[in-house]
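> pasted the sequence and its predicted model underneath.
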Amino acid sequence: MIKKPTTKELLALSVRELAGQQPLDKISVKDICQNCGVTTVTFYNHFQDKYDLIAWVLTREVENIYNGYAEGEYSWEQTIDTMVRHLFEDRAFCRNAFTNTSGQNSFVLTTHSHSIDLLTEIVRKKAGDDFTGDLEFFVEFYLRGTSITVMEWIQSGCRIPPERLARYFLLAMPEALKPYLI
């Protein structure tokens, strides 16, 4: 059976399509809505602004990948590999978002914060009573490094092959996290 996209998914498809044609900072909520036949009122029922939508586009996908790991579908190595390959395949949209969002609406900051929350929760569950502020620090440290590296990697044209970058991320993991992720 063909699944009809939700309103959020329809808006995401619209912003993705428009982002293939112009910088995200030049796209208005009105443009997004006209492109997919949704009213601006409907848009604002789902998102605060276009930056909220842009962040939702990638965080939803990242969340699905993290959930696969949390539910035991993937190893951490497969999770990292899947994440990097996804970002590579979506590099045009990501480059547009990294380049054309800034400040509190920065794409990298919004998606990075969401990733920290997701991975912190995974480590917290796996560590149980052993979860400490130290582990929380290492999660944030690890993801800050990977987020900035991904942003620079995409903006520089992905000169390192995705599989090698995924391997580097695995090797760069702080020792304190390895018992809970690998």
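It's in. Numbering: from 1, shown residues only.
> tell me what the helix or strand where Tyr66 lies is packed against?
With elements taken from DSSP states H and E, the one containing Tyr66 is helix 50-70. Contact here means 3 or more C-beta pairs under 8 Å, 6 or more residues apart in numbering; DSSP states H and E; on that basis helix 50-70 packs against helix 7-19, helix 29-36, helix 76-89, helix 91-99, helix 107-127. Using the backbone N, CA and C atoms, a C-beta is placed for each residue, glycine as well.
> hmm, who's touching the longest helix along the chain?
Secondary structure of the chain read by DSSP state H shows that its longest helix is helix 133-155. Helix 133-155 has contacts (C-beta atoms under 8 Å, 6 or more residues apart in numbering) with 84, 87, 91, 94-95, 98-99, 108, 111-112, 115-116, 119-120, 123-124, 127, 159-160, 165, 168-169, 172-174, 176-177, 180.
> low-confidence ranges, the chain, go.
Counting by pLDDT under 70, the low-confidence segments of the chain come to 103-105.
> what about 80?
Counting by pLDDT under 80, the ranges of the chain that qualify are 100-112.
> can you pull the contacts of Ile182?
With contact taken as C-beta under 8 Å, 6+ apart, Ile182 is in contact with 75-77, 170, 173.
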